[in-house]
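Asker: How does the following fold in three dimensions:
(one chain, ligands or ions: 1)
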Amino acid sequence: MNTVRDLLKTSGYSARAIKYYENNFNVGRIENPDAHFTYTGPCGDSLEIFLKISDVITDAKFQAIGCVGTFIFGSALTKIIIRKKVKDCENFDEIDLLKHVGEVPEQKKHCAHLVALTFKKTIEQYKE
Ligand code: FES
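Answerer: Numbering: from 1, shown residues only. All right, here's what the predicted structure looks like:
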């Protein structure tokens, strides 16, 4: 019988992408976040990002009503940005996420855009 891991591997997800999906790093919410934004993409998937920020981003969590891709890229995003300065994340985009995660099926690449865009809007909200 195929495991979820086998199915993801056969579908074209990298080992790193599968690790993010299996571990669900940083899924959850932060009470009293310094920045928070919810965005629903054209596909109908929604992502909510919470950040705690002092000098650097000290914590990042997300919740999603979405596909495998939202969880893979959401977990990857939070792992990447924690301990970074906000100004060092301002140009972060889906290309960075795709490079970090490695291979994903072509039809899932747009999920990186949803995550990167929601993060960008979360940072904009913080700066306002
Ligand atoms: Fe909508 Fe993945 S299908 S973000």
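
Asker: what comes into contact with stretch 7-23?
Answerer: 2, 4-5, 68, 71-73, 75-76, 79, 100-105 (CB atoms under 8 Å, 6 or more residues apart in numbering). Where you see a C-beta, it was placed from the backbone N, CA and C, and this is true even at glycine.

Asker: Give me the subset of the residues you listed lying in helices.
Answerer: Secondary structure defined by DSSP state H assigns 4, 5, 68, 71, 72, 73, 75, 76, 79, 100, 101 of those to helices.

Asker: got a winner among the residues you listed for most neighbours?
Answerer: residue 73 (33 neighbours; other CB atoms under 10 Å).

Asker: Excluding residues flanking it in the chain, which one is nearest it?
Answerer: Leaving aside its chain neighbours, residue 73 sits nearest to residue 115 (4.0 Å; criterion: CB to CB, 6 or more residues apart in numbering).

Asker: for residue 85, same thing?
Answerer: Residue nearest to residue 85 in three dimensions, not counting chain neighbours: residue 56, with 5.3 Å by CB to CB, 6+ apart.

Asker: Hmm, residue 89 and the one you found touching each other?
Answerer: No. Between residue 56 and residue 89 there is no contact under CB atoms under 8 Å: 9.7 Å.

Asker: Contact residues of this structure facing the ligand?
Answerer: Where the chain comes near the ligand, counting by CB under 6 Å from any ligand atom, the residues are 41, 43, 45, 66, 67, 69, 70, 111, 114.

Asker: Quick one: find the helix or strand in the chain with the lowest mean pLDDT.
Answerer: One helix or strand of the chain scores below all others by mean pLDDT, DSSP states H and E: helix 4-11, with a mean of 94.

Asker: Show me which residues of the next helix or strand after that helix are buried.
Answerer: Remark: after helix 4-11, the chain's next helix or strand is helix 15-23, criterion DSSP states H and E. Neighbour-count burial for helix 15-23 flags 17, 18, 19, 20, 21 (criterion: 16 or more other CB atoms under 10 Å).
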